[in-house]
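> sequence first, then the predicted structure, then my questions.
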Amino acid sequence: MSDAPALAVAGVTHRFGSRAALSDVSLEVGRGRFVALLGPNGAGKTTLFSVITRLYTHQDGRVAIFGHGLDREPSRALARMGVVFQARTLDTDLTVEQNLFYHASLHGIARRVAGARIAVLLDRVGLADRRADKIRTLSGGQSRRIEIARSLIHEPRLLLLDEPTVGLDLESRADIVAIVRALVREEGLSVLWATHIFEEIEGDDDAVVLHKGRIVARGTAGSIARPGETLEAAFRRLVADPARQAA
Amino acid sequence: MTTPPGPQASATPLEKPVPHLGRLDAVGYLICLSGIVRRELLRFFNQKERFFSALVRPLVWLFIFAAGFRNTLGVSIEPPYQTYVLYEVYVVPGLAVMIQLFNGMQSSLSMVYDREVGSMKVLLTSPYPRWLLLLAKLVAGVTVSVVQAYAFLAIAYFWELDIPAIGYLAALPAFVAAGLMLGAIGLLLSSMVKQLENFASVMNFVIFPMFFASSALYPLWRIRESSETLYAICMANPFTHAVQLVRFALYGQFDPLACAVVVGTTLVVFTLAVIAYDPGRGIMARRGGPAGEAP
């Protein structure tokens, strides 16, 4: 178990009625790795996140977090995972601190322990001075940074982020990317990062391309592109609709 | 595509086995439960107008409706009352439980809202079992509804209700039981209502029929005089039994049938709500997750 990858998704299929949103999806996030999950809108990224976070159960295949199967040991699996969802999920009427204490309690962390942890994390995301402010007074980028702090409260070793920089300005985007990269580099955190912003991906990151519920390419970001091809061009080639190309 | 996963594990040194800060034992359960209750109370105190509007509704009934019908709707002697009672006296328990009915539906509404804004996802990714998370939501709602019911009783005290002091104390478990049942019904409804806008139908098809087809506003023998069928419907309505449980408790008496129906309904409905929120089996799974994001 100690050698199990941070996240292992093997042969996962998920259907909504007769339509398969995910077909035989397999991917792995190695310990301490930053893995980019690329895919156009409707590719199944959010469905995959929902399956990994057990918002709904996959019908076929297996998902394991550090070797803990989501089907047999959901509590152990979820306890080791932090999530930043695509939609904003902070309670805007509550303060930063109240939101973070609430999340700590959802993971069974006593207030005394949580208080110290919150101080460390707010410092890490550069918002220690906003601890007592209501969420509605924060900018979009600041809220995102709070969500990252929140996802780390229970000291997960795997962090899932579903398009965390969507809708943010360039500076806020850069801040978010820098915070998460530092977590990988300095603390050995494992990250699955769904995006379609190619500037956020570095050449030696692992990348997985999801299209119409299937994985169409995987490898390091550098190896997915052909010689002389950018990652963005490679992505467009991989998800191009053959019928539309022919027309 | 069934090729083996490509990304390889790095050599980054990490501690083994993989730890986490939270605790998954009984203490952790309690921390989780109290954290959810605390958050709901914080939200409640942030919405003071909600507290007052919840009080205004039954007080309007008591001030105006009950005063108007005082002479038309005389209430004969029937348990738990030992003398003829004024109509105002009769409706007070029903109005107190009406507050709880609205509160249960309000909690349900906030669950649907949480689902729409995404905070339900945060709740459901807690490592604790779903039943505990739903129970915590239920306990939070009941806490609020009991406070509201007592605030109403405190104001209604000035209507010469002749409720014995012990009755206020004896009613506490009855209010808790009634609140749990109505909250559980709200939870189950929240799993079935897809969007916030659909909530008007809940008002029409749940709250009003439950309230009017019950012993809250008129004794059931009066209903029976006009229609045996309607009487059967009222007797089958769990809200009737919640009202009767509280009514008897307020006068220091215990209604075993009402208690059995309230407890039984709570258990059945709460179980159904847990199933509905189960990621594999329930309505959530069929619909495509808490935010209904199935494409």
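Thanks, I have the structure now.
> which parts of stretch A:125-140 are buried?
A:125, A:127, A:130, A:134-135, A:138 (16 or more other C-beta atoms under 10 Å in any protein chain shown). In this view, the C-beta of every residue, glycine as well, is placed from N, C-alpha and C.
> should've said stretch A:75-88
Neighbour-count burial for stretch A:75-88, counted by 16+ other C-beta under 10 Å, picks out A:75-86, A:88.
> what's the answer for stretch A:226-239, then?
Buried-residue list, stretch A:226-239, by 16+ other C-beta under 10 Å: A:231, A:234-235, A:238-239.
> closest one of those residues to chain B?
Closest approach to chain B among those (C-beta to the nearest C-beta): residue A:238, at 11.8 Å.
> what about the helices in chain A?
Listed in chain order, the helices of chain A (DSSP state H) span A:45-52, A:74-79, A:96-106, A:111-124, A:140-151, A:170-187, A:221-224, A:231-238, A:242-246.
> re earlier: would a markdown table of the buried residues of stretch A:75-88 with pLDDT be doable?
Compiled in a markdown table, the buried residues of stretch A:75-88 are given as follows (pLDDT from 0 to 100):
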| residue | pLDDT |
| --- | --- |
| A:75 | 91 |
| A:76 | 91 |
| A:77 | 93 |
| A:78 | 93 |
| A:79 | 92 |
| A:80 | 93 |
| A:81 | 94 |
| A:82 | 95 |
| A:83 | 95 |
| A:84 | 94 |
| A:85 | 91 |
| A:86 | 87 |
| A:88 | 85 |
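> low pLDDT regions in the chain?
No chain was given, so I picked chain A. Low-confidence segments of chain A, defined by pLDDT under 70: A:1-2, A:58, A:241-247.
> that's the other chain; I wanted chain B
For chain B, the ranges with pLDDT under 70 are B:1-20, B:71-77, B:196-197, B:199, B:279-295.
> from chain B, which residue is nearest to chain A?
Using C-beta to the nearest C-beta, residue B:35 is the residue of chain B that sits closest to chain A, at 2.0 Å.
> look up phi and psi at residue B:213.
phi -90, psi 50 (degrees, to the nearest 10).
> that one against residue B:234, yeah?
Yes - between residue B:213 and residue B:234 there is a contact at 5.1 Å, judged by C-beta atoms under 8 Å.
> got any residues that touch both of those two?
residue B:240 (C-beta atoms under 8 Å, 6 or more residues apart in numbering or on different chains).
> which residues touch the residue in chain A that chain B sits nearest to?
The minimum distance from chain A to chain B, using C-beta to the nearest C-beta, falls at residue A:105 (2.0 Å). Contact partners of residue A:105, counting by C-beta under 8 Å, 6+ apart, are A:111, A:114, B:31-32, B:34-36, B:38-39.
> I'd like those residues as TSV, with distance to residue A:18 and neighbour count appended.
Output for the contacts of residue A:105, formatted as TSV (distance: C-beta to C-beta, whole Å; neighbours: other C-beta atoms under 10 Å in any protein chain shown):
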residue	distance to residue A:18	neighbour count
A:111	48	14
A:114	45	24
B:31	43	24
B:32	38	26
B:34	44	15
B:35	41	24
B:36	37	25
B:38	44	17
B:39	39	24
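> out of those residues, who's nearest residue B:260?
residue B:36 (29.0 Å; C-beta to C-beta).
> quick check: which element contains the residue nearest to residue B:266 when sequence neighbours are not counted?
Closest residue to residue B:266 apart from its sequence neighbours, by C-beta to C-beta, 6 or more residues apart in numbering or on different chains: residue B:181 at 4.3 Å. Residue B:181 belongs to helix B:165-192 when assigned by DSSP states H and E.
> could you point out the helix or strand that follows that helix?
Next along the chain after helix B:165-192, with elements defined by DSSP H and E, is helix B:199-202.
> so which elements touch that following helix?
Helices and strands touching helix B:199-202, as assessed by 3 or more C-beta pairs under 8 Å, 6 or more residues apart in numbering or on different chains; DSSP states H and E, comprise helix B:87-117.
> ok, and does the helix it packs on reach over to chain A?
Yes - if you take C-beta under 8 Å from any C-beta of the partner chain as the test, helix B:87-117 does meet chain A, through residue B:117.
> so the next helix or strand after that helix, near chain A or not?
Downstream of helix B:87-117, the next assigned helix or strand under DSSP H and E is helix B:119-124. Yes - Helix B:119-124 comes into contact with chain A (C-beta under 8 Å from any C-beta), by way of B:119, B:121-124.
> okay, among the residues you listed, which ones form the most distant pair?
Of all pairs in the residues of helix B:119-124 next to chain A, the most separated under C-beta to C-beta is B:119 and B:124 at 9.8 Å.
> which neighbours do these two share?
With C-beta under 8 Å, 6+ apart, residue B:119 and residue B:124 have no common neighbours.
> residue A:19: neighbour count?
By other C-beta atoms under 10 Å in any protein chain shown, the residues close to residue A:19 number 10.
> so what's the residue nearest the centre of chain B up against?
Centroid-nearest residue in chain B: residue B:183, 2.0 Å away (criterion: C-alpha atoms, centre = their mean). Taking C-beta under 8 Å, 6+ apart, we find residue B:183 in contact with B:103-104, B:107, B:137-138, B:141-142, B:145.
> how does it look with 7 Å?
Residues in contact with residue B:183, defined by C-beta atoms under 7 Å, 6 or more residues apart in numbering or on different chains, are B:104, B:107, B:138, B:141-142.
> same deal with residue A:109?
Per C-beta under 7 Å, 6+ apart, neighbours of residue A:109: A:153-154, B:21-22, B:31.
> would you turn those residues into a markdown table with distance to residue A:195?
Output for the contacts of residue A:109, formatted as a markdown table (distance: C-beta to C-beta, whole Å):
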| residue | distance to residue A:195 |
| --- | --- |
| A:153 | 23 |
| A:154 | 24 |
| B:21 | 28 |
| B:22 | 28 |
| B:31 | 34 |
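> among those residues, which ones are buried?
Buried among these (16+ other C-beta under 10 Å): A:153-154, B:21-22, B:31.
> just the residues of helix B:119-124 next to chain A now: which is nearest residue A:20?
residue B:121 (22.6 Å).
> that closest one touches residue A:85, doesn't it?
Yes - using C-beta atoms under 7 Å, residue B:121 makes contact with residue A:85 at a distance of 5.5 Å.
> element containing residue B:244, please.
Assigned by DSSP H and E, residue B:244 falls in helix B:238-250.
> next structured bit after that helix?
According to DSSP H and E, the helix or strand after helix B:238-250 is helix B:256-276.
> which helices and strands sit right next to that following helix?
helix B:130-156, helix B:165-192, helix B:238-250 (3 or more C-beta pairs under 7 Å, 6 or more residues apart in numbering or on different chains; DSSP states H and E).
> try it again with 10 Å
helix B:130-156, helix B:165-192, helix B:228-236, helix B:238-250, helix B:283-287 (3 or more C-beta pairs under 10 Å, 6 or more residues apart in numbering or on different chains; DSSP states H and E).
> who are the neighbours in contact with residue A:236?
A:40, A:229-230 (C-beta atoms under 10 Å, 6 or more residues apart in numbering or on different chains).
> make JSON lines from those and add distance to chain B to it.
Formatted as JSON lines, these follow (distance: C-beta to the nearest C-beta, whole Å):
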{"residue": "A:40", "distance to chain B": "12"}
{"residue": "A:229", "distance to chain B": "18"}
{"residue": "A:230", "distance to chain B": "20"}
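> closest to residue B:92 out of those?
Looking across the contacts of residue A:236 and measuring by C-beta to C-beta, the closest to residue B:92 is residue A:40, at 61.2 Å.
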